[in-house]
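Trainee: Sequence first, predicted coordinates after that:
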Amino acid sequence: MTVMATAEAETQVCTDPVIRNQWHAVADLDEIRRGELRTLLLGEPLRCWIDSGGAARAAAGPDREIEVRTDYGYLWATLGKPSGGVFDVPETREHDRRTLNALTVGIEVSAPRAVENFLDMAHFPYVHAGVLGEEPHTEVAEYRVEERDGELWAFDCLFYQPRAAAASSQAVLAEYVYRVPHPYSAMLYKSSPTDASRMDAIGIFIHPLTATRIRAHLFISVLDDVSADREIRRFQQGVIAQDKPILENQHPKLLPLDPRAETPIRADRSAIVYRRWLSRLGVTYGVIPAAEGVRT
Amino acid sequence: MSGEAERRWHPVASQYDVVPRHVFWGRLLGRELAVWRADDGYVNVWENRCLHRGVRLSVGTNDGRELVCRYHGWRYASRTAGCTYIPAHPADAPARTICNRTFPALERYGLVWSGEEPDGEPPVLDALEPGGAFALRGVTVRAPAEMVVDALSRHRFSPTDLIGAAADGNGPGPGGPVTVTGQDRYHVVLRAESADGGSASTAVFFAQPADADRTVVRAVLAGRPAPDSRIPVWRHHNTALTQLRDAVEAEARRRPPPEPMVAAIEEVPIHLSEVPEPAPKGRRAGLRVQVARKWPVAEDVAGFELVSIAGQLPTFQPGAHIDVHLPNGLVRQYSLTNGPGELDRYRIGVKLEPDGGGGSRSLHENVRVGDVLAVSEPRNNFPLRRDAVRTVLVAGGIGITPLLAMAQALRHQGLDFELHVFARSEDHIAFAELIDGLGESVTRHIGLSPSETGAALESVLAGPGPHEHVYVCGPGPMLDAARRIAAAGGRTDDTVHFEYFANPTDIDDSTTFTVELARSALSLEVPAGATIMEVLRANGVEVSSSCETGACGTCRVAVLDGEPVHNDVYLNDTEKQQGGEMMVCVSRAGGDRLVLDI
Ligand code: FES
Ligand SMILES: [Fe+2]
């Protein structure tokens, strides 16, 4: 009998160069403006603070100062040598948008499981009943997934939604576009309820504390001049509060990359491509890599 | 996995953990288990993990017949753990056998027993009488089983009589001797006496090895305490076991922690790990069943209940049929009428067709209770979508059978539906008692002439609302009328689903043509008088089939190039025009060449 190993001893320190060389969103800048943050990054202690000159800084391990960037309202830190900056989010340059960190939430799960959940439409009627989906409207129509310039994109994603955003009041067939620019971050775009010609953007930027524990930052950039920040936050908080117990009940917590570990269906096309992409990038942290020689 | 611990039966829950409509989260030898009781009493012990994305099934819903995963709503049937419905693809019958891992389960002494690969039976203990045993609540101890068993051999408690008599119910009672009267690696039998020797009680303490460092003590008293002393007895043992737990845990903390047990999760079969789904091949009678009951269910209709001879019957979905291989060599298709989760037997209804080929006559006249029949696994070419806001089921005569399965599934799930039953007389309604059980949703149309039937269909099928689906099964003329009326009323082909009993089409098989098989790079001549299916099989190419008359849809194949002449009654008009699929048992080429995706 061939088996999948499920031991998930928490990897203390990440040795995966692909993940060490990424920028990781470790904090909302407002959070460190309120005071020094002591946390973990990839299993190592991490300290983030604003220095007297007003610059954001971070130190890993006992006291090793590491490179940081501030983009889109977050502090991004790395334990390695990234080849460039943080992926581009062009929406942040459109000045009529409301851009904010809707919330930061700790979840006992690996980063890739959380990304997959973010890309998944089929769970809307079950996990977000009455909000992002509603029985019996459970069908996931065929959609396209493409790789473009090293990022994954899913197009033509249509789903019946009773209340797709804070500003919507009636059921719509919502259209989504998904984008995965980073192994631990993803974006989604959906038709804005207030301006049908443009799209609202929502991002999940994950701060990997360890291989199986994360903080997820929900980034929002919307064309909504009706809802107060508080309402937008409450809407997203409600959505994440529904996902959290499901994510924390996934077993194993690490995402298995062996195709025979779980059973995909057509609706999971984006997850299948995402898993293959992680394998191809050589990611080993937060996942159970496929055994040598297994076609992924 | 073949150590002694894996080959034994262990308790995994108390019977009162496994209450109706609940899923209990059990643990044995490092493996998580979902333990749940169906409404018919059957106890299921499954791997606690949805095959789709690994979510624990213990956070799902036990609807009495099926377990529904909380993440994407996949449904798994009681007994087989086979997946019956995938909501993201409502039009697809899960053709693939997606089946969760099940473990054996037995109830004894108020406990549910299971194991990895247990031999024989759960232990039988002379100290415990099957009916008189009284199981207490499990106590979890963070220590290895052998430490717990060792401590249990020195455990002390008072005889039941004394506890019952103690005024406050908490007092340990006057201490008497406690002796070990039996013991093995996973249990200890203790006999407690009062100081004066006047009363005595025996209890068995089972140690359930949940993990390397975690053991659940499940105590079973020989003899039920009187009802008014149950709570004091329970408290007394709970206090005593809590003391034992604290002492053992303190000791365990002083030792190095044991290696955790790693329970292997089985890989899913290779064909499930990829998205395209191969269908089972050929017309095979993979199952042997025994006729457990045969009875008249309506005028000229016999009901049959078929039970498995060995093992569990496979999962089915509403709308599914089985091929029945008859003693006279004929093969006939019959729809299953079962409701969801009814997997202890298959129930079919057979109408006597005096002018048929002799299939129904053989079943009516020759097949008796106790006979063994060969049948195929259930196959579903008439899948029920459950994403409709309202579902209209229209049955003519014996066409009730697949719709009865659908109606029970819809009713059980609380979805809105109506069932219209057309029959010559009340006596011609098959399975009338099951139909009565569907209550308000049923409308009976009795003894109508063809024109009255048309008028009734007009009103039933009038005014389609959004997200409505119609399913029709019955005699050919009624189906034709229903399809015409539905189309005239504005219903689209993809919302009207039908199942014919037989294909009345006259087939012209005088043409000859070539079929090219794109995947196997074969090019074959189909001569006049032969079907594509016959030619494929003669050349060693496997094709699934069931009715082989163009009615059931099992042999459908994708057409890549060329124009088929459709002789079947399975595809709807839109699908026939598109020409993307054909039934190779009866359909042929319009030109001299077809390219098929096989
Ligand atoms: S994880 Fe169970 S239905 Fe998707
Ligand atoms: Fe979600």
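Mentor: Happy to help now that I have it. Computed from a predicted model, the values in this text were never measured in an experiment. Ligands and ions are numbered 1, 2, ... in the order given.

Trainee: what about residue B:199, neighbour count?
Mentor: The number of residues packed near residue B:199 is 17, by other C-beta atoms under 10 Å in any protein chain shown. Every residue, glycine included, has its C-beta placed from N, CA and C.

Trainee: Surely it is in contact with residue B:158?
Mentor: No. Here residue B:199 lies out of contact with residue B:158, judged by C-beta atoms under 8 Å, at a distance of 9.1 Å.

Trainee: Doesn't residue B:11 belong to a strand?
Mentor: Yes. Checked against DSSP: H, G, I helix; E, B strand; the rest coil, residue B:11 lies within a strand.

Trainee: And the strand or helix carrying residue B:486, how far out from the chain middle?
Mentor: Taking DSSP states H and E as the criterion, residue B:486 maps to helix B:476-488. Mean-position distance between helix B:476-488 and its chain equals 34 Å (C-alpha atoms, centre = their mean, to the nearest Å).

Trainee: Which SSE is immediately downstream of it?
Mentor: Next element after helix B:476-488 (DSSP H and E): strand B:496-500.

Trainee: tilt between that following strand and helix B:476-488?
Mentor: In terms of direction (axes from the mean of the first three to the mean of the last three C-alpha atoms, to 10 degrees), strand B:496-500 departs from helix B:476-488 by 170 degrees.

Trainee: any idea how far the helix or strand following strand B:496-500 is from the chain center?
Mentor: Of the helices and strands lying after strand B:496-500 in sequence (DSSP H and E), the nearest is strand B:513-517. On the basis of C-alpha atoms, centre = their mean, strand B:513-517 sits 40 Å off its chain's mean C-alpha point.

Trainee: So what touches the next helix or strand along the chain from strand B:513-517?
Mentor: Remark: after strand B:513-517, the chain's next helix or strand is strand B:522-526, criterion DSSP H and E. Residues outside strand B:522-526 that contact it (C-beta atoms under 8 Å, 6 or more residues apart in numbering or on different chains): B:512-517, B:532, B:535-536, B:539, B:541, B:588-589.

Trainee: now do 10 Å
Mentor: With contacts defined as C-beta atoms under 10 Å, 6 or more residues apart in numbering or on different chains, strand B:522-526 is touched by B:509, B:511-517, B:532-536, B:538-541, B:584, B:588-589, B:593-596, B:598.

Trainee: How about the stretch 401-550 of chain B: which residue is closest to ligand 1?
Mentor: Taking C-beta to the nearest ligand atom, ligand 1 has its nearest neighbour within the stretch 401-550 of chain B at residue B:413, 15.5 Å off.

Trainee: hmm, which helix or strand of chain B has the shakiest average pLDDT?
Mentor: Least confident helix or strand, chain B: helix B:160-165 with a mean of 78, by mean pLDDT, DSSP states H and E.

Trainee: show me the contacts for the most centrally placed residue in chain B.
Mentor: Centroid-nearest residue in chain B: residue B:77, 3.0 Å away (criterion: C-alpha atoms, centre = their mean). By C-beta under 10 Å, 6+ apart, the contact set of residue B:77 is B:38, B:44, B:65-67, B:83-85, B:99-100, B:314-317, B:340-343.

Trainee: Beta-bridge partners for it, please?
Mentor: Beta-bridge partners of residue B:77, counted by DSSP bridges, are residue B:66.

Trainee: What's the per-residue pLDDT of it here?
Mentor: Per-residue pLDDT puts residue B:77 at 95.

Trainee: And for residue B:132?
Mentor: pLDDT, residue B:132: 81.

Trainee: For it, give its distance to residue B:536.
Mentor: As for residue B:132, its distance to residue B:536 is 65 Å (criterion: C-beta to C-beta, to the nearest Å).

Trainee: ok, for residue 20, nearest residue in space, not its chain neighbours?
Mentor: Using chain A here. Leaving aside its sequence neighbours, residue A:20 sits nearest to residue A:80 (C-beta to C-beta, 6 or more residues apart in numbering or on different chains; 3.7 Å).

Trainee: that's the wrong chain, I wanted chain B
Mentor: Closest to residue B:20 by C-beta to C-beta, 6+ apart is residue B:37, at 6.3 Å.

Trainee: ok, how many other residues are close to the one you found?
Mentor: 25.

Trainee: likewise residue A:37?
Mentor: So residue A:37, with other C-beta under 10 Å, has 16 neighbours.

Trainee: bridging residues for the closest residue to it other than its chain neighbours?
Mentor: Leaving out its chain neighbours, the residue that sits closest to residue A:37 by C-beta to C-beta, 6+ apart is residue A:48, at 4.5 Å. Per DSSP bridges, the residues bridged to residue A:48 are residue A:37, residue A:58.

Trainee: what's the burial count for residue A:48?
Mentor: Residue A:48, neighbours per other C-beta under 10 Å, totals 23.
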